[in-house]
Every structure is written in structure tokens, then in C-alpha cells.
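>>> sequence and predicted structure, then a few things I'm wondering about:
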Amino acid sequence: MKLESFWQATAPAFTGAAREPLPSHAEVVVIGGGFTGVSAALNLARNGINVVLLERGDIMSQASARNGGHCNTGVAQNFASLVASQGVEQASRFYRAYDNAVSYVEQLTREEQIDCDFRLCGKIKLASKASHFQGLREAWELMRRTVDPEIELISKDEIHREVGSNDFHGGLLQKRGGQMHMGKFGAGLAEAAARNGAKIYPHHAVTQLVRLDGYRHRIHTQQGEIVADKVLMATGCSNEGPFPWFQRRIVPVGSFIVVTEVLGDELLRQVLPQDRTYVTSMNLGNYFRTTADRRLVFGGRARFAVSNPGSDSRSGEILHDAMTTMFPALAKARIDYCWGGMVDMTADRLPRAGEHDGVFYSLGYSGHGTQMSVWMGQVMADLLAEKRHQNPWQRDAWPALPGYHGKPWFLPLAGLYYKAKDRLS
């Protein structure tokens, strides 16, 4: 078993990094080389704007290439709960933003000819307990009336047509869900940005950010300085670097994934007859899908811990046990890849995007960032270029988390809390 991301290990290398030294000035400097940052750089370059992107490590080395590979419509919360907290108009706006985001990813793969195994296959949320099915029914009734007339509720008697397991009590099918190879998409997106004129600098960690006036900043890196007319923060959990304001508002939470050996069509048809993306209804649940070369990708928040080699390995064992309990037919399947990654979680599990002290930002995708981060790259590029584009995640206040300064000391307690909720639900 390799402790590395399947997406990174099987993706082409990025070849478009800038070869010249860091320039002294750019119209826009983007900090962060994941989906948000690279998408923004691509769109800015398409508009003829001089853009420089700075990344601490390799391009697409963090959450953008360490996730579960889903590209789905729908918010992180149960839609009915979101309506209760935000109102139906705002909740519908958020939901449609995710639908737009999936369409935009599909559009980009076509426009830039990115070979990343993208396909729309539908997403199904599986009721892990009989009591959870009523919540899915309530969400189905509300969503069918407001945002998704094609959504389908699947009863316990019918769920075996979707999943070869006895663990589930029904499901909710959203037909616009999709998937892709995250590493291939990320590499292709970065190549497209460089091809369109964006200057991309891997291994240029930002060490200081100094506001000069208005939106102008001097950015210090280990390799030199650059003055930007505008800055976009696209750093995910931001747990490294001189960004304390953001670090007090985003909690990095580990999510862990295993990928099996090649299983073959017959076994996968037995386990996942419709070959969709899948997520369970537990707070500490699982998500899974197949790959183009016929493996199973199986993930979840196996432990409330940060990602590191020891934590990843222990989480892989937990995930393997969960996978084989859920799907006894996979008892002999070998695990080829195991890894973890950090989710940039906000208190309400909704993204945030806007401007603070002269710095533009788009962050906090809370485990639903694959599609939204790419789309928000376009949204933020339009805002930076002073073109009209509505930002669904601009809100008046983003309070800091009480007692939190960037080190998630409370993760074990949060894990115990969610385990208790799952036992009692």
C-alpha cells in the first residue's frame, strides 16, 4: 500500500511553470496553486491581465488533488436544514451556485480539452439508518418544489438497484452529480492557465504580505518580492503563512481515502450497479466512487485528526474495515493507495468569498470544493477585472471562531461529539 494520492501518482506532471525570475510587479498576484487559484489565473490571463500565481509547494499538491474525486450539485448541509437557517430564497441561491459550478467544470474540460475522465453519473445520498430516511424524504419534497424537479427518492425496497449492500434504508438521487480524475484535471487546468499567459511559480512560499495602499500589496517570498495591484487569497485552510485573520476563521480537518487494486467490471457491477458517486448520511460517514481503470475510491473522516503519514495509515485501516463491512464482496480486495488531506472547514460549512483589508479571497469550501473552487476562480477573476459577476458567498460578517488561533486543538472533542450524534440519530 502506497501512502500517496492516487490522483497525484497517476497524473501527468505540470510542465508550464515560469522559468524566469519573479517579476517586480503584476496587476494581480494569486496566492495558492489549487483549483481556485489556477482557475482565477486562467480567467484573468484570458482577459489580458498580467497575473502571477505563487504556490508554497507543487501546483495542485494539496486539497485539489487529495480529495474524493466527486463533482456534485448540492450544498454540504441537508437542504431542509439550510432552508431553516437561511430561508428558501438564499438556500436556493446557494444550491443553484453548485449546479452552475458543475456545469462550469464540464465546460472547462471541453474548452481546454482536458483529458480527466469527466462524466455526469448522478450522486446518491444513502440513508445509513432507518430514521435518516425521513430526513431524506423531507429534503426531496422541498428540493423537488424549489431547486431540482428531477430529484428522485429511492425506497429501501429499491435501494439494491443502486448499491450492493444491506447497510442502507433508501437514498436520494441528484442526477447532475459527476466525477473526474482530480490529478489529470488539475494538471490540465494549470497547463491551460500557463498556455493563456499566467505566470505560475511553484515553491514560492509567501512569507510576508504588506499593504501599501488601497488594494496594492508588497508580497515577500523566499525567492524575492513582488508588488501587486490586487491580491487574491486562494490558500484553502491557510494553516501556514502570514495570514492570521483567515487562520482564525477556517479549521483544517483531515479527510482520508483509500483506493483498491483494479477490481474489474463484474465485481464493481455487483457492488455499485449504477456506477454513481455515493455518500452516506452519517455525520462521520463515507463517500465512494469508481475510477476509469475500475478501482474503488473509498473515503471519509475516519479520525478527527490532521493528515500525516501515521494518521493516514491508521485511517486507512479504519476505512478498509468500513469498506469490507459495507461490501463483503470486497473482503479480498487489496488497497493500493492511502492518503489524507485537509478540508478547509467553516463554522457553518459554507464557503466565504469577498475582500478584507484590501485582500480578495475565496476559501472555506468545507469538503464540497471540487466544483465550487473552480467556478469561484472565474467569479473572483471577474471581480478583480471589475467585470459584473454575482458572488454568492459575499456576506456582511465572518466572525472568528472563539478561542481558535489556527491550531485545531478541539478536533478530538469534535470527533467524540459527532460519534455520539451518530449513535443517537
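Okay, I see it.

>>> going forward, measure contacts between C-alpha atoms and count neighbours the same way
Noted.

>>> so residue 337 bridges to which residues?
On the basis of DSSP bridges, residue 337 is bridged to residue 2, residue 259.

>>> burial of it, as a residue count?
Residue 337: 20 surrounding residues under other C-alpha atoms under 10 Å.

>>> pretty sure it sits against residue 295.
No. Here residue 337 lies out of contact with residue 295, judged by C-alpha atoms under 8 Å, at a distance of 10.6 Å.

>>> shared neighbours of the two, which are they?
259-260 (C-alpha atoms under 8 Å, 6 or more residues apart in numbering).

>>> nearest residue to residue 204 in space, please, no chain neighbours.
Using C-alpha to C-alpha, 6 or more residues apart in numbering and skipping the chain neighbours, the partner closest in space to residue 204 is residue 56 (5.1 Å).

>>> and that neighbour, what element?
Assigned by DSSP states H and E, residue 56 falls within no helix or strand.

>>> who touches it in this structure?
Listed by C-alpha under 8 Å, 6+ apart, the contact partners of residue 56 are 32, 202-206.

>>> okay, the host helix or strand of residue 92 in CSV with CA atoms only?
For residue 92, the element it lies in under DSSP H and E is helix 88-111. Extracted in CSV, the C-alpha atoms of helix 88-111 (Å, rounded to 0.1, in the frame of the first residue of the first chain):
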residue,chain,number,x,y,z
VAL,A,88,-35.7,29.3,1.0
GLU,A,89,-34.6,32.1,-1.3
GLN,A,90,-31.0,32.2,0.0
ALA,A,91,-30.8,28.4,0.2
SER,A,92,-31.9,28.0,-3.3
ARG,A,93,-29.4,30.6,-4.5
PHE,A,94,-26.6,28.5,-2.8
TYR,A,95,-27.9,25.3,-4.3
ARG,A,96,-28.0,26.8,-7.8
ALA,A,97,-24.5,28.1,-7.4
TYR,A,98,-23.3,24.5,-7.0
ASP,A,99,-25.3,23.5,-10.1
ASN,A,100,-23.6,26.3,-12.0
ALA,A,101,-20.2,25.1,-10.7
VAL,A,102,-20.7,21.6,-12.0
SER,A,103,-21.7,23.0,-15.5
TYR,A,104,-18.6,25.2,-15.4
VAL,A,105,-16.2,22.4,-14.7
GLU,A,106,-17.8,20.4,-17.6
GLN,A,107,-17.4,23.5,-19.8
LEU,A,108,-13.8,24.0,-18.9
THR,A,109,-12.8,20.3,-19.6
ARG,A,110,-14.4,20.8,-23.1
GLU,A,111,-13.0,24.2,-23.9
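
>>> average pLDDT across the helix or strand just after that helix?
Counting by DSSP H and E, the element after helix 88-111 in chain order, helix or strand, is strand 119-120. What strand 119-120 shows for mean pLDDT is 96.

>>> now swap in stretch 199-215 and tell me
On average, stretch 199-215 scores 97.

>>> how long is it from one end to the other?
Using C-alpha to C-alpha, to the nearest Å, one end of stretch 199-215 lies 20 Å from the other.

>>> how about stretch 267-283?
Start-to-end, stretch 267-283 (C-alpha to C-alpha) is 28 Å.

>>> ok, now stretch 8-15?
Note: stretch 8-15 ends 14 Å apart using C-alpha to C-alpha.

>>> ranges for the helices of the stretch 101-250 of the chain?
130-146, 182-195, 244-247 (DSSP state H, counting those that start in this stretch).

>>> looking at these, which is buried most?
Of all the helices of the stretch 101-250 of the chain, helix 182-195 carries the top mean neighbour count, a mean of 24, counting by mean count of other C-alpha atoms under 10 Å.

>>> shaky segments in the stretch 301-425 of the chain?
Scanning the stretch 301-425 of the chain for pLDDT under 70 picks out the ranges 302-306, 409-425.

>>> list the helices and strands the helix or strand encompassing residue 40 packs on?
For residue 40, the host element (DSSP H and E) is helix 35-46. Under the contact definition 3 or more C-alpha pairs under 8 Å, 6 or more residues apart in numbering; DSSP states H and E, helix 35-46 sits against strand 25-31, strand 51-54, helix 182-195, helix 369-384.

>>> angle of that helix against helix 369-384?
Put simply, helix 35-46 runs at 40 degrees to helix 369-384, going by axes from the mean of the first three to the mean of the last three C-alpha atoms, to 10 degrees.

>>> how far away is the spatially most central residue of the chain from residue 344?
Residue closest to the average C-alpha location in the chain (C-alpha atoms, centre = their mean): residue 369, at 2.8 Å. Residue 369 sits 9 Å away from residue 344, going by C-alpha to C-alpha.

>>> if we can go back for a sec, could the helices of the stretch 101-250 of the chain go into TSV alongside distance to residue 16?
Listed next are those as TSV, based on distance: least, C-alpha to C-alpha, whole Å:
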stretch	distance to residue 16
helix 130-146	43
helix 182-195	6
helix 244-247	29
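
>>> among these, which is nearest residue 9?
Of all the helices of the stretch 101-250 of the chain, helix 182-195 sits nearest to residue 9, with 8.1 Å by C-alpha to C-alpha.

>>> contacts for that closest one next, please.
So helix 182-195 is contacted by 7-8, 10-17, 34-35, 38-39, 41-43, 45, 59-60, 64-67, 69, 109, 112, 114-116, 200 (C-alpha under 8 Å, 6+ apart).
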